[in-house]
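Asker: Build me a model from this:
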Amino acid sequence: MSEGNVPVTAVVKTRTGLKFAGAIFAETNCWSMLKGGLTAEETGPAELYFEVLVLRLLIFLFAISIIFELIRS
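Answerer: Presented below is the predicted three-dimensional model:
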């Protein structure tokens with residue numbers, strides 16, 4: 001991306017579908033931090049995807065923190 005900004009959305013894909021996890025506007029020459037969260041409603045494998053609406057966008061992941069919190073009802 002040479003200039004401007006573009007929305008980037010993080011989604012988690014599970015066996016039952018896609019779930020929104022967070023969003024940000026990625027800007028040229030600017031570090032961006034995507035902060036979001038979701039509550040898992042099922043167990044099993046999941047995949048993290050980033051959705052963008054432009055064809056030529058590089059996403060570099062330098063530090064990833066995933067925090068799991070057990071919620072007891």
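Asker: Pull up the pairing partners for the host helix or strand of Leu18, direction included.
Answerer: Counting by DSSP states H and E, the secondary-structure element that holds Leu18 is strand 17-27. Take DSSP bridges as the rule and strand 17-27 pairs in its sheet with strand 5-14 (antiparallel).
Asker: Extract the residue ranges of the chain that are flagged as low pLDDT.
Answerer: Within the chain, the set of residues satisfying pLDDT under 70 comprises 1-3, 36, 55-73.
Asker: Val8: what's it in contact with?
Answerer: With contacts taken as Cβ atoms under 8 Å, 6 or more residues apart in numbering, Val8 has the following neighbours: Ala23, Ile24, Phe25, Ala26, Ser32, Leu34, Phe50, Glu51, Val52, Leu57, Ile59. Just so you know, the C-beta spots here come from the backbone N, C-alpha and C atoms, and that holds for glycine as well.
Asker: Please indicate which of those are buried?
Answerer: With neighbours counted using 16 or more other Cβ atoms under 10 Å, those contain these buried positions: Ile24, Ala26, Phe50.
Asker: Tell me what the second one is bridged to.
Answerer: Spelled out, that is Ala26. Val6.
Asker: And for the last one?
Answerer: When bridges are called by DSSP bridges, Phe50 pairs up with Ala10.
Asker: Do I have it right that it meets Val12?
Answerer: No. The pair Phe50 and Val12 does not pass the contact test of Cβ atoms under 8 Å, sitting 11.0 Å apart.
Asker: Any buried residues in stretch 26-42, and which?
Answerer: Applying a neighbour-count criterion of 16+ other Cβ under 10 Å, one finds Ala26 buried in stretch 26-42.
Asker: Pull the residues that contact the strand holding Leu18.
Answerer: 1, 4-13, 32-38, 48-49, 52, 57, 59.
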